[in-house]
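Engineer: Okay, predicted coordinates and the sequence, questions at the end:
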Amino acid sequence: MRQAAPMLAGKQNEWLTPDLVKAMYQNEVLRKHMGDPTFMQAIQQFQADPQKASQRYGANPEVMAFLREFCSVMGAHFDQLADSQEVQKKEAPKPKLSKQEQEDQEHIHRILQQPEVREALQDPRTQQLLQELRTNPQGAPALTAQLSRSPTMRRHIESLYRAGLLGIAK
């Protein structure tokens, strides 16, 4: 492994971590052959032209075992990197909100805790009404009148009105 380190150091990227070097060193097959030019050449050829390399090395069980181990260690390493990046994204600091934004979020949270509001917002007819209010406010009164004939929709509209999510234009 020490013999391979200078070769890897020239192409060092974010993915080349101490954990990867350690995993390669701990793998007996990789440790045994990593400094051998034949095995390094096999890796390079598989990167450049896998089909040609497979024809050349396919009958060599030692090279194929080495390549399987190499791919296994690299695959596990990249999976681990992807997982750690996911964790870092989730742990990224959230932008600071202004006092007004915090109050607005708390207010919305309180509104959404009301079961009747959640029920109203989950109803497809309510969603249709809200979409209509956004895209065609002039047609909203007719749709509201039509939907209000249903006792359930009337209850939903009243719940949203009491919560301050709907208003009546004068």
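Structural biologist: Arrived safely. These numbers come from a predicted model, not from an experiment. Residues are numbered from 1 along each chain as shown.

Engineer: And the longest helix along the chain, what's buried?
Structural biologist: With secondary structure taken from DSSP state H, the chain has its longest helix at helix 61-91. By 16 or more other Cβ atoms under 10 Å, the buried positions in helix 61-91 come out as V63, F66, L67, E69, F70, V73, H77. In this view, the C-beta of every residue, glycine as well, is placed from N, C-alpha and C.

Engineer: got it, and stretch 135-143?
Structural biologist: A140, L143.

Engineer: end to end, how far does it reach?
Structural biologist: One end of stretch 135-143 sits 13 Å from the other (Cα to Cα, to the nearest Å).

Engineer: which residues touch it?
Structural biologist: Q128, L129, E132, L133 (Cβ atoms under 8 Å, 6 or more residues apart in numbering).

Engineer: Most neighbours out of these, which is it?
Structural biologist: Using other Cβ atoms under 10 Å as the neighbour criterion, L129 leads the contacts of stretch 135-143 with 23 neighbours.

Engineer: mind listing what that residue touches?
Structural biologist: By Cβ under 8 Å, 6+ apart, the residues touching L129 are A140, L143, T144, L147, M153, I157.
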